[in-house]
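Trainee: quick one: sequence and predicted model below, then my questions.
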Amino acid sequence: MSKSLGDHSTQSHDSSRRSFLRQSAVVAGTAVGGAIASRACAEDATEERDSKSFAAGAAITNLTPDRELPHYYGKMMKPAKGDSDLLCHAVVFSDGRTQAAIVSCDATFVHRPLVLKIREEVQRQSGIPGPAVLIAATHTHASPATGPSFLAGALPDPEYLDFFTERVVRAVLEAKAALRPATLAAGKCPTPGFEFNRRFLRPDGTVTLAPGKGSKLEPAGPADTTMQYLAFEDRAGSPVAIVINYPCHNNCCGGYYHRDLGGRAGDALRRQLAGRFATPFLAAPCGDVVWLDFRSPPPTRGDELACQIGEGIARQIVSSLERSQRREDISLQVRTEVVEIPDRALTDSTFCHDLCRGESEAAIAFARRRYDPEREAIAAGGPTVCPVEFQVISFGSCAIVTNPAELFVEFGIEIKRRSPFDVTLVSELTNGYCGYVPTMAAFQQGGYETHRTVRTSRLVKDGGRRIVEKSLDLLSGIHRQEKESQDR
């Protein structure tokens, strides 16, 4: 890796950059959709459109290194195999007055300092206000660390962070250059059926994550059986970008760099709709939901399972999209607010002594290696707080609301049910990272997600309730303002 990692040219790369990035001729640094032909054509189209009409543009860049780097807990990830590259998807949109962007990155987390750095560069180079840029992690576990997580885990490679930043900024710049008149369809549809709550209740009321094949234990909570999407299309009806909001952990694959089921859903959409367009993946709240029932594991794992789930997601969205209304009279509103939520005190914390990850000697030893340093660090420090950013982007009758948590699925279901919008996408792991946020009932039951760490499970026990109420407060406020504007 070298200083050339900061070069913003999309046409030339010196030998150092070429060795760092595993190039993808199909997607790396390429605007997608109808704007592929040339940037000049995209700019001409932007100039010709009515300044008050809705417009959208999209791009994809490649985030994949060709060398081994550690993932969030230190396991070395090998170079990608075949077509499994890590990608950044960006869609920029405008109503003639307001510009904003949705960006998804194939990373486990994107911590707040990195989000702020990317936003600063986007604003400086594109003019899009930093707070109007949504930056989400897809939560693939088969990616390099981009920030600290467990104290016993890995720290990110500084040069990879520079490279990551440059590639994300480039995606937004190219998406903006591809702006053209567009329509928007928003919808919700059934999930493909691969979603299972991973917490199982023992007879004593505690929780295990590993009940074993054939176990009679029952799940401690629900799964969300509805997913949401946004489809940006040009005026000819060709997709510009389809935003996927799916409520299940994106971690089927491991061992080598892989964009996982979220990426495979995008691949399947491009095949089924026979187009080249961006597919930002926004993880819906799924802190306690995974893609297998531990009592009856699926016959396949890894990429094969990720492809099966991806195909199922795509089929459901395509079927729903055929019936969705396209609108071009879109009014955009963007709001962000940062709230400081206290972290749990040592006296209100547990550190994985409940055998939730298994009862073997190996499982117990692993728990102690992971959690003993966390307890020592928290005991040595004083009270702390976590900055939690909330962002709402509304498109008339639909909206996105974000949080930086691994939020339990129950909270996501509640936000959607109580939202005043017809379609509400709830995007977790967005604009930062504040760890698992369980329900109060989950804290009473214990289990992996409830055990205190410095970063991966930190907020006070009513943190989830605070996130729900603040999300709904912002949604209601922006919906009320939209309605008042329409009534005038």
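Mentor: Everything's here; your move.

Trainee: need the helices for the stretch 351-488 of the chain, in chain order.
Mentor: Taking DSSP state H, counting those that start in this stretch as the criterion, the stretch 351-488 of the chain contains helices spanning 361-380, 409-418, 440-445, 463-487.

Trainee: do you know which of the ones you listed lies nearest Gln333?
Mentor: helix 463-487 (5.2 Å; CB to CB). Every residue, glycine included, has its C-beta placed from N, CA and C.

Trainee: contacts for that closest one, please.
Mentor: For helix 463-487, contacts defined as CB atoms under 8 Å, 6 or more residues apart in numbering pick out 331, 333, 335, 337, 339, 341, 388, 390, 392, 394, 396, 399, 401, 403, 405, 407-408, 411, 414-415, 418-421, 424, 426, 434, 437-440, 459.

Trainee: show me what counts as buried in it.
Mentor: Within helix 463-487, the residues that count as buried by 16 or more other CB atoms under 10 Å are 463-464, 466-468, 470-472, 474-475, 478-479, 482.

Trainee: quick one, it and helix 409-418 angle?
Mentor: Angle, helix 463-487 to helix 409-418, by axes from the mean of the first three to the mean of the last three CA atoms, to 10 degrees: 20 degrees.

Trainee: check the offset of helix 463-487 from the chain's centre.
Mentor: Relative to its chain's centre, helix 463-487 lies at 21 Å (CA atoms, centre = their mean, to the nearest Å).

Trainee: before we move on, what about stretch 298-313?
Mentor: 19 Å.

Trainee: just the buried residues of it, please?
Mentor: Buried positions in stretch 298-313, judged by neighbour count with 16+ other CB under 10 Å: Asp303, Leu305, Ala306, Cys307, Gln308, Ile309, Gly310, Glu311, Gly312, Ile313.

Trainee: what's near enough to touch the last one?
Mentor: Taking CB under 8 Å, 6+ apart as the definition of contact, the neighbours of Ile313 are Thr191, Pro192, Met227, Ile244, Tyr246, Leu261, Ala265, Ala268.

Trainee: top of those by neighbour count?
Mentor: In terms of neighbour count, Leu261 stands highest of the contacts of Ile313 at 32 neighbours, by other CB atoms under 10 Å.

Trainee: shouldn't that one be in contact with Asp267?
Mentor: No: in this structure, Leu261 is not within contact of Asp267 by CB atoms under 8 Å, at 10.3 Å.

Trainee: tell me the residues that contact both of these two, please.
Mentor: Shared contacts of Leu261 and Asp267, defined by CB under 8 Å, 6+ apart, are found at Gly310.

Trainee: domain ranges for the chain?
Mentor: 3-196+208-329, 334-487 (automatic domain parsing).

Trainee: residue ranges with poor pLDDT in the stretch 1-150 of the chain?
Mentor: 1-52 (pLDDT under 70).

Trainee: and if we set it to 90?
Mentor: Within the stretch 1-150 of the chain, the segments meeting pLDDT under 90 span 1-52, 66, 79-82.

Trainee: surely Ala185 is within a strand?
Mentor: Yes: counting by DSSP: H, G, I helix; E, B strand; the rest coil, Ala185 is part of a strand.

Trainee: and Gly153, what does it touch?
Mentor: Counting by CB under 8 Å, 6+ apart, Gly153 touches Tyr72, Tyr73, Gly74, Ala145.

Trainee: pretty sure it is in a helix, no?
Mentor: No: assessed with three-state DSSP, Gly153 is coil; it does not lie in a helix.

Trainee: what sits closest to it if chain neighbours are left out?
Mentor: Tyr73 (4.4 Å; CB to CB, 6 or more residues apart in numbering).

Trainee: ditto for Gln325
Mentor: Take Gln325 and drop its neighbours on the chain: the residue closest to it by CB to CB, 6+ apart is Ala185, 6.5 Å away.

Trainee: quick check: buried residues in whichever strand or helix holds Asp162?
Mentor: Element membership for Asp162, per DSSP states H and E: helix 158-177. Residues 159-161, 163-177 are the ones in helix 158-177 that count as buried (16+ other CB under 10 Å).

Trainee: that older thread, using a markdown table, lay out the domains of the chain together with distance to Arg202.
Mentor: Converted to a markdown table, those look like this (distance: least, CB to CB, whole Å):
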| stretch | distance to Arg202 |
| --- | --- |
| domain 3-196+208-329 | 6 |
| domain 334-487 | 9 |
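
Trainee: which SS class is Gln316?
Mentor: Criterion first, three-state DSSP; result for Gln316: helix.

Trainee: could I get the contacting residues of the residue nearest to it when sequence neighbours are not counted?
Mentor: Here the nearest residue to Gln316 in space, its sequence neighbours aside, is Cys189; by CB to CB, 6+ apart that works out to 4.5 Å. Cys189 makes contacts with Thr226, Met227, Tyr229, Gln316, Ile317, Ser319, Ser320, as judged by CB under 8 Å, 6+ apart.

Trainee: so how far is the helix or strand harbouring Cys189 off the chain centroid?
Mentor: Applying DSSP H and E as the criterion places Cys189 in strand 180-190. In terms of CA atoms, centre = their mean, the gap separating the centre of strand 180-190 from the centre of its chain is 19 Å.

Trainee: tell me what angle that strand forms with helix 409-418.
Mentor: If you take the same axes, to 10 degrees, strand 180-190 sits at 120 degrees to helix 409-418.

Trainee: same question for strand 180-190: list its buried residues.
Mentor: Arg180, Pro181, Ala182, Thr183, Leu184, Ala185, Ala186, Gly187, Lys188, Cys189.

Trainee: so can I have CSV of the contacts of Cys189 showing pLDDT, secondary structure and distance to Phe196?
Mentor: Output for the contacts of Cys189, formatted as CSV (pLDDT from 0 to 100; DSSP: H, G, I helix; E, B strand; the rest coil; distance: CB to CB, whole Å):
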residue, pLDDT, secondary structure, distance to Phe196
Thr226, 98, strand, 15
Met227, 98, strand, 15
Tyr229, 98, strand, 22
Gln316, 98, helix, 17
Ile317, 98, helix, 21
Ser319, 98, helix, 23
Ser320, 98, helix, 23
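
Trainee: give the buried subset of these as a ChimeraX selection command.
Mentor: Typed into ChimeraX, the line below selects the buried ones among these, using 16+ other CB under 10 Å:
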select :227,229,316,317,320
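
Trainee: which pair in the contacts of Cys189 spans the largest distance?
Mentor: Across the contacts of Cys189 (CB to CB), the longest gap, 13.8 Å, separates Thr226 and Ser319.

Trainee: re earlier: which among the contacts of Gly153 gets closest to Leu116?
Mentor: Closest approach to Leu116 among the contacts of Gly153 (CB to CB): Ala145, at 18.2 Å.

Trainee: ok, that closest one touching Lys75?
Mentor: No: counting by CB under 8 Å, Lys75 is not a contact partner of Ala145; they are 10.0 Å apart.

Trainee: compare those two (neighbour count), which wins?
Mentor: The residue with more neighbours, out of Ala145 and Lys75, is Ala145; 25 against 15, by other CB under 10 Å.

Trainee: what mean pLDDT does stretch 336-349 get?
Mentor: Stretch 336-349 comes out with an average pLDDT of 97.

Trainee: in it, what counts as buried?
Mentor: Using 16+ other CB under 10 Å as the test for burial, stretch 336-349 gives Thr336, Ile341, Asp343, Arg344, Ser349.
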